[in-house]
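> Give me the fold of what follows.
(chains A and B)
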2 protein chains.
Amino acid sequence: MVFRQRGYHATRLEDIAEELGMQKGSLYNYIDSKEELLLAVVTVPAAQLLESLSTLSESDLPASEKIRLVARSHARVVEDYLPYVAVYVQEIAGQDHSPEWRERDRAYVRQLSAIIDEGRQSGLFDSATVPVISSMALIGALNWMTRWYEPGGELSAEEISDRIASGFLAGMLVRGRASASAPRDQG
Amino acid sequence: MVFRQRGYHATRLEDIAEELGMQKGSLYNYIDSKEELLLAVVTVPAAQLLESLSTLSESDLPASEKIRLVARSHARVVEDYLPYVAVYVQEIAGQDHSPEWRERDRAYVRQLSAIIDEGRQSGLFDSATVPVISSMALIGALNWMTRWYEPGGELSAEEISDRIASGFLAGMLVRGRASASAPRDQG
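Modelled structure (predicted):
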């Protein structure tokens, strides 16, 4: 994928057209800029992520389990769309970019914070937990995978997300609750 | 700071010269490109971070305390050099950029992983901990602060780093050890 090889900023729409075996003119029939192309590619996984987060939010699972599953979906998207998500994380996420994408980012943080707050209110998570900081720490740890995760390594993206989520949950759970236990079969 | 207002890629060396009240020609006496300028600015805090990490590595503190202090130094650099570190994290960190900066990045991960491994070997941290994953999760959570942290908010960067480090440590500590307790005075 030419964005990842050359870097997003050094890539011209012509390079993408060449990679796709198209004339630049034909590519312009579909998209206006490389940014539009990038956003078109990440629209589907972004919508999936938000939708799975909404479904989880409304489910009856304990907050700790919801968070573990959110981390898994996030890691799966990182794995499945790696070069695109890498560029998205670098160029778009958490930045004042377009109102539409900013709103998606915010909706994600808001819903994740609401799950953490729910766990706090129910007494599962420590009352000192600050939901937005915890959300940002988890999102940051997962997004940073785009800088170092290599598919095909010893641990899958999902296994890595389980470890990140377990560590993260252990930091919030009221002591004595068992559901933050990490997978112990490896190490 | 013109990088943060306009974005790194939209900023020309002329804009920086203008901000500094210099002719572009004079600025070229000192630096060759905006990238060189960015790296010049972050060289000092990057060296400080690596040095404080080395000093901590060699100290007799328990691994958990070393990690808490590393997280604090990291957050302090984020706070003190925010616009520059934000650009550094976006453009340079964790990417195959220049051999010199890649080596600094790697040295940071290597030393942090060594501290985590030390905690694992001494029985303080769970034997299932994978040092490099834990390092990357912590670095990711701290670096992500450049996208959302606003100086002058309710919690300082250092307080936020304490919460991130506490959560992170709680995920690794063997149950029953007390040193992962988070500051509980706020909530």
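> Tell me how chain A divides into domains.
Chain A breaks down into these domains under automatic domain parsing: A:1-30, A:39-172.
> What residues does the closest residue to residue A:94 other than its chain neighbours make contact with?
Excluding the flanking residues, the one nearest residue A:94 by Cβ to Cβ, 6 or more residues apart in numbering or on different chains is residue B:147, at 3.2 Å. C-beta: built from backbone N, CA, C; applies to glycine. Residues near residue B:147 by Cβ atoms under 8 Å, 6 or more residues apart in numbering or on different chains: A:93, A:94, A:95, A:140, B:86.
> Relative to residue B:56, which of these is nearest.
Distances from residue B:56 to the contacts of residue B:147, taken as Cβ to Cβ, are shortest for residue A:140 (22.1 Å).
> For residue A:125, what are phi and psi?
phi -100, psi 150 (degrees, to the nearest 10).
> how about the helices in chain A?
Per DSSP state H, chain A carries helices over the ranges A:2-6, A:13-20, A:24-30, A:34-58, A:63-80, A:82-91, A:99-121, A:131-143, A:145-148, A:157-172.
> where among those is the average confidence lowest?
Sorting the helices of chain A by mean pLDDT places helix A:2-6 lowest, at a mean of 61.
> need the contact list for the closest residue to residue A:160 other than its chain neighbours.
Excluding the flanking residues, the one nearest residue A:160 by Cβ to Cβ, 6+ apart is residue B:133, at 5.8 Å. Counting by Cβ under 8 Å, 6+ apart, residue B:133 touches A:155, A:160, A:163, A:164.
> Out of the contacts of residue B:147, which end up buried?
Among those, those classed as buried by 16 or more other Cβ atoms under 10 Å in any protein chain shown are A:93, A:94, A:140, B:86.
> quick check, nearest of the residues you listed to residue A:126?
residue A:140 (19.9 Å).
> surely that closest one meets residue B:143?
Yes: Residue A:140 is in contact with residue B:143 according to Cβ atoms under 8 Å; the separation is 6.6 Å.
> ChimeraX command to pick out the buried ones of the contacts of residue B:133?
Buried residues among the contacts of residue B:133 (16+ other Cβ under 10 Å), as a ChimeraX selection:
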select /A:160,163,164
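> Mind telling me which residue is nearest the centre of chain A?
residue A:74 (3.9 Å; Cα atoms, centre = their mean).
> How about that one: what's its closest non-neighbour residue?
Once flanking residues are discounted, residue A:74 sits nearest to residue A:142: 4.6 Å by Cβ to Cβ, 6+ apart.
> was I right about that neighbour contacting residue A:77?
No: with contacts defined as Cβ under 8 Å, residue A:142 does not count as touching residue A:77, sitting 9.3 Å away.
> higher neighbour count, the two?
residue A:142 (29 against 22; other Cβ atoms under 10 Å in any protein chain shown).
> Distance-wise, check residue A:120 relative to chain B.
9 Å (Cβ to the nearest Cβ, to the nearest Å).
> List the contacts of that residue.
Residues near residue A:120 by Cβ under 8 Å, 6+ apart: A:126, A:127, A:129, A:131, A:172.
> Which one of those residues is nearest to chain B?
Nearest to chain B, judged by Cβ to the nearest Cβ, of the contacts of residue A:120 is residue A:127 at 5.3 Å.
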